[in-house]
Structures are given as structure tokens and as C-alpha cells.
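J.: everything below, folded, please.
(one chain, ligands or ions: 1)
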Amino acid sequence: MTVTEAAPGLAGRMSRVKESPSSRVADRVREFQAAGRKVLPLTIGEPDFDTPGPVKEAAIAAIRAGETKYTSANGTPALQAAIRDRLLRKTGQAYGPGEISVGGGAKQLIFLAFLATLDEGDEVIVPAPHWVSYPDMVTVNGGSPVLAAAGAETGYKLTARALRESITDRTKWLVLNTPNNPTGAVYGEAELEALAGVLRAHPRISVLCDEIYDEINFGTRPVPSLVTVAPDLRERIFLANGVSKAYAMTGWRIGYGAGSPELCAAISTLQSQSSSCPSSVSQAAAAAALNGGREFIDETVAVYRERRDLLVSGLDAVAGLRPLTPEGGFYVWTDASALSGARTPEGRVLETDADLAEYFLETAGVVVITGDSYGCPGHFRASFALDSATLAEAVTGIGRAVSLLRQRKS
Ligand code: PMP
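T.: Below is the predicted model:
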């Protein structure tokens, strides 16, 4: 439901938040399935692999050992230690216990970071295309999202210039998501250094670094972190991550954050008055995942890479579609602007992203998420967190659907 005015009985802030487009699409998929139609859901936002066996065993052992009580709002000492080790390995930064937050997914921590820091009218710079949730999380917490262009011309990355132009007296946060959802773009060290240069001139601005996809990395080197490139900015960086994507643990709901002691304490206060703490059993599982070896990640990334290549080459072979090869994550971002204005065999003109998505669904049973959901119309996002046979069938279906279109009127 898109709410434009808060319904009777609801707070005014509910007029500033809408349901996530992914949940809306999931409802549409269910409708189709209920009608007995086959659907190829290239909308999937979570790994299709099972959680690694040793992680499940750690959870079972925790249950047997009676680790079934409330924990500290900031997580168990064991999980805290596993997170700090992981952060040290990744960023070279030694975070102290008071500089770590643990929550019910990176999503909850990002929400709480905004709740803890935004006053009415504060601005948050969100490079677009962007993960669907950032603008709503900002607005429901009283802030104003300021979308900054980070499109194809700049490799889907925010440049120092675009950042500088977006900053005002009200800017509180910059959001940096690398690898990016939906584009799969990864910021290189020089690109991060250029942004750090601008940030040094604006000491009031904090940076939310969302690195939830950092382990699903197709590059030859680890995904760089802003905090490694610019350790002098560490107090202003809130690094958000979690076990959902790397270890196929979306349903366990454990995320973590690293940042200033003040922000982490504020998040802990909010946790203590809302959820109390994340699930104790999930925390034991997350600690086992972070302390475990890299085999699961290496194996799954090899599979993702094959699927990525299949999906990119398949979409690239379709006239009118221009897929971007992602450097990380499990989504292919595709420019479909050449199909705007084309006519379906029934004579319907494809005007919006939603028209194209609906056409793919009706003609080929393929579901994608529209570019406008990410603040960038003329595109769609297709996930490859699905088996290769399904991806191949979806690519064939999209190719057939596009071949039936009549060119736009010129
Ligand atoms: N950030 C981004 C960019 C995401 O795509 C997601 C998951 N869709 C999250 C954060 C949230 O992940 P978690 O399961 O840890 O809440």
C-alpha cells in the first residue's frame, strides 16, 4: 500500500513511509502463482543457498547449552569478539567493545542510526540508484533524503563533485553502499579517497557505509572500506554489515555496525527500549559464521560468478537491453531505456518501467524490479540468486518478449 496521507488513527509519520517495493512485487508473484501460472522471480534479494552446516550446529549447541535468555543490547561477548576480529581483518581498524552495535539485521541498525541522529529537516545524501529502503528510513525519522546522481556516466559511483554539489548546511549523513544494490558497482580506493577529501572539509557530516555485500565480490582484491582509506574519518563513519548475504543467513536476522562510542551507545539505548536484544540463538550462529573459514564464501561466489556471466551475456544478446556486469552482489542492473515507447503485440505502448515489468511478467512469467524503485527510471534489476536453469529460461523468455515488441514511433 502506498500511503500518501496517514490513515485515521495512525501517526503523521506514516504518511512518509511506504511498503518496500520488493514486498509489493512478492505479493504480485504470489497472485500469479495462486492463479496457477509459472513465475520466474528474478526479484530474489537473498542467497538461495542453505545456511552452512557448522553454523546451524552452533545454533543447536547454543540451544542445548541454554543460551536462550536475553543478552546485552549490544550482543554477546562471543559475537562482539567475532565482529571485532572480522573488522580488524577487513579494515585494519581495531574497534573497541563500545564501538560495536549488534541488531536484527543491518537494516535495523541503519534505521536506528537514523533514528538516533536525525532531527526534523536534516538531510541525508543518497547516491542514486540506491537501495529501496534508505529514503523511507530517512523520511520516517524526520530527515530529508537528497538524491545525488551516481549514474552510468560515472560508473554508477558518486563523484567528489556530485558530493560537493549536494552538501548544504543541513547535511547530516552521506550514504555509501559498496558493493551497491542495485548496480553491483564497487568503489575503488582512489574513488573513496576523492570523497574523503570532500568530507574532510565538512566535519559535521557522518558517513553510513553499507557493506552488506562485501563478501560477494568478483574482484581479485577485497572490497575497500572508506575507513581503511581514510582512518582519520573513523569517528564519523558508521560501518553497517551483517551475516545475511555472505553466509546465507537472511532469516537469522543478525547485523552489526561499527562507529563512534556515542552513536553505538545511542543505538544500544534504542535497542534496550525496543527489541531488548537480538535473538540469542542467532547470535551464537552468527559468531560461528564469522569465526569460520572462507570455504562457504569462496564456493558460493564461484557459483554466483557463473550465474552472473550467464545472465549478463543472455541479457546483452537482447537488442535494446544493456546490462551492467556487477563487480559484487547478486544483481544485474540493466538499461532498458531503448524499449521505452515500444508497442506490445496487443498495441499497448510501454511508457513506464512498470509497463515493461508487467509486460515481462505477462508474456514470459519473468519478474524484475523496476528502476524507478531505485530512483533511476529506464532500468530494471534482475537477481541471480537463482539456479542457472531458471536464469536461462528467464533470459530466453525476456528475449522472446522483446522480439515481439514493435519499435517505438520515431
Ligand atoms: N543493505 C542493503 C543494500 C541490502 O540490500 C540489504 C538487504 N536487502 C540490507 C542492507 C539489509 O540486510 P540485513 O538482512 O542484514 O538486514
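
J.: all strands for the stretch 1-150 of the chain, in order.
T.: When secondary structure is read from DSSP state E, counting those that start in this stretch, the stretch 1-150 of the chain shows strands at 40-41, 100-103, 123-128, 144-149.

J.: mean neighbour count, mean pLDDT and distance to L270 added to the ones you listed, as JSON lines?
T.: Just so you know, the C-beta spots here come from the backbone N, C-alpha and C atoms, and that holds for glycine as well. Formatted as JSON lines, the strands of the stretch 1-150 of the chain follow (neighbours: other C-beta atoms under 10 Å; pLDDT from 0 to 100; distance: least, C-beta to C-beta, whole Å):
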{"stretch": "strand 40-41", "mean neighbour count": "22", "mean pLDDT": "94", "distance to L270": "34"}
{"stretch": "strand 100-103", "mean neighbour count": "28", "mean pLDDT": "98", "distance to L270": "9"}
{"stretch": "strand 123-128", "mean neighbour count": "24", "mean pLDDT": "98", "distance to L270": "18"}
{"stretch": "strand 144-149", "mean neighbour count": "19", "mean pLDDT": "97", "distance to L270": "21"}
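
J.: up against the ligand, what does the stretch 51-200 of the chain have?
T.: If contact is defined as C-beta under 6 Å from any ligand atom, the residues of the stretch 51-200 of the chain in contact with the ligand are G105, A106, K107, W131, N177, N181.

J.: closest one to G255 among the strands of the stretch 1-150 of the chain?
T.: strand 100-103 (5.3 Å; C-beta to C-beta).

J.: re the thing from before, dump the strands of the stretch 1-150 of the chain to CSV, plus distance to S279.
T.: CSV is the format used below for those (distance: least, C-beta to C-beta, whole Å):
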stretch, distance to S279
strand 40-41, 27
strand 100-103, 11
strand 123-128, 29
strand 144-149, 30
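
J.: so which of those strands gets nearest D169?
T.: For D169, the closest of these is strand 123-128, at 8.9 Å, according to C-beta to C-beta.

J.: any idea of the angle that closest one forms with strand 144-149?
T.: With axes from the mean of the first three to the mean of the last three C-alpha atoms, to 10 degrees as the basis, strand 123-128 and strand 144-149 are set at 30 degrees to each other.

J.: what does strand 123-128 rub up against?
T.: Contact partners of strand 123-128, identified using C-beta atoms under 8 Å, 6 or more residues apart in numbering, comprise 114, 118, 134-135, 138, 143-151, 157-158, 162-163, 166-168, 170-177, 374-376.

J.: quick revisit: just the residues of the stretch 51-200 of the chain next to the ligand now: which is nearest L263?
T.: Proximity to L263 was ranked across those by C-beta to C-beta; first place goes to A106, at 14.8 Å.

J.: quick check: the closest residue to the ligand within the chain vs Y359, distance?
T.: The nearest approach of the chain to the ligand comes at G105, 2.5 Å away (C-beta to the nearest ligand atom). As judged by C-beta to C-beta, to the nearest Å, G105 and Y359 stand 34 Å apart.

J.: on that earlier part again, report the two of the residues of the stretch 51-200 of the chain next to the ligand separated the most.
T.: Of all pairs drawn from those, the one with the largest separation by C-beta to C-beta is G105 and N177; the distance is 14.9 Å.

J.: okay, the two: which has more neighbours?
T.: Set side by side, G105 and N177 give different neighbour counts by other C-beta atoms under 10 Å, the larger being at N177 (27 against 23).
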